[in-house]
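# The sequence and its predicted three-dimensional model are supplied below.
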Amino acid sequence: MKVDSPVQVGIEPNTIKRRGVGLRGYDPARAFPGFTLFAPDSKPDKKTVYLIDMKGELVHTWEMPYPVGLTAFLTDRGTLFYNGYIPNPRRAGPFVGGVAMEVDWKGRVLWEVKHPDHHHDGIRLRNGNVLLICAKPLPGEMVPKVRGGRPGTEGDDGEMYGDYLVEMTIDGEGRVGVAKLGAPGSRERWHHGRPGRARSVAHG
């Protein structure tokens with residue numbers, strides 16, 4: 001992947017002039033050396049994760065078996081941890097996910113786990129297990145107790161989602177633990193949404 005214009009040394013202070021695509025500026029004296037990993041979110045056909053250097057040059061790509069589920073990162077072992085997207089009619093709103101996996105430098109899948117409530121993020125724990133952030137509808141009697149929020153941002157029939165955590169073994173068989181939803185808090189403080197149709201979410 002090549003930049004669409006010569007690399008500018010230093011950063012253009014005018015934000016209008018900086019607009020566009022590709023590398024917009026690089027100040028070696030002020031930037032910390034390293035790489036940038038990103039996974040464009042454009043479901044359902046985008047399955048590529050990119051690694052670029054400080055000049056915007058392509059270093060490596062991974063072609064994944066599932067579309068992007070918003071997050072990916074490199075591990076200390078030099079592998080790629082990836083949260084993928086599996087369409088699920090039960091999971092409404094902005095929640096995207098369904099599968100977490102780890103692949104080596106060549107893209108070979110080392111393990112993968114699936115959970116129907118998983119959305120957009122997960123991590124590998126020091127004990128070797130996987131921690132997934134999940135979401136499900138709050139019980140109907142709990143919804144009125146959640147304070148704040150914006151009227152009309154609930155889902156169908158006043159539906160509201162709450163996050164919970166699931167710890168799993170990497171073979172996907174052992175569910176080590178589930179963090180229960182806590183007491184209702186402020187809707188206004190914890191709100192997930194997307195343009196056009198926001199959805200209230202309470203985090204315990």
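Ah, there it is. Residues are numbered from 1 along each chain as shown.
# Quick one: residues contacting residue 107.
62-64 (CB atoms under 8 Å, 6 or more residues apart in numbering). Every residue, glycine included, has its C-beta placed from N, CA and C.
# do that again at 7 Å, thanks
Residue 107 sits next to 62-63 when contact means CB atoms under 7 Å, 6 or more residues apart in numbering.
# got a pLDDT number for it?
Note on residue 107: pLDDT of 95.
# what does the one 4 residues further on give?
At residue 111, the model reports a pLDDT of 96.
# list the contacts for it?
So residue 111 contacts 101-102, 170 (CB under 7 Å, 6+ apart).
# What of residue 130?
Here residue 130 is in contact with 100, 113, 122, 124, 168, 170 (CB under 7 Å, 6+ apart).
# Output the residues you listed as JSON lines; include the columns secondary structure, distance to residue 90 and neighbour count.
As requested, those are exported to JSON lines (DSSP: H, G, I helix; E, B strand; the rest coil; distance: CB to CB, whole Å; neighbours: other CB atoms under 10 Å):
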{"residue": "100", "secondary structure": "strand", "distance to residue 90": "18", "neighbour count": "28"}
{"residue": "113", "secondary structure": "strand", "distance to residue 90": "18", "neighbour count": "21"}
{"residue": "122", "secondary structure": "strand", "distance to residue 90": "18", "neighbour count": "26"}
{"residue": "124", "secondary structure": "strand", "distance to residue 90": "26", "neighbour count": "19"}
{"residue": "168", "secondary structure": "strand", "distance to residue 90": "19", "neighbour count": "23"}
{"residue": "170", "secondary structure": "coil", "distance to residue 90": "24", "neighbour count": "17"}
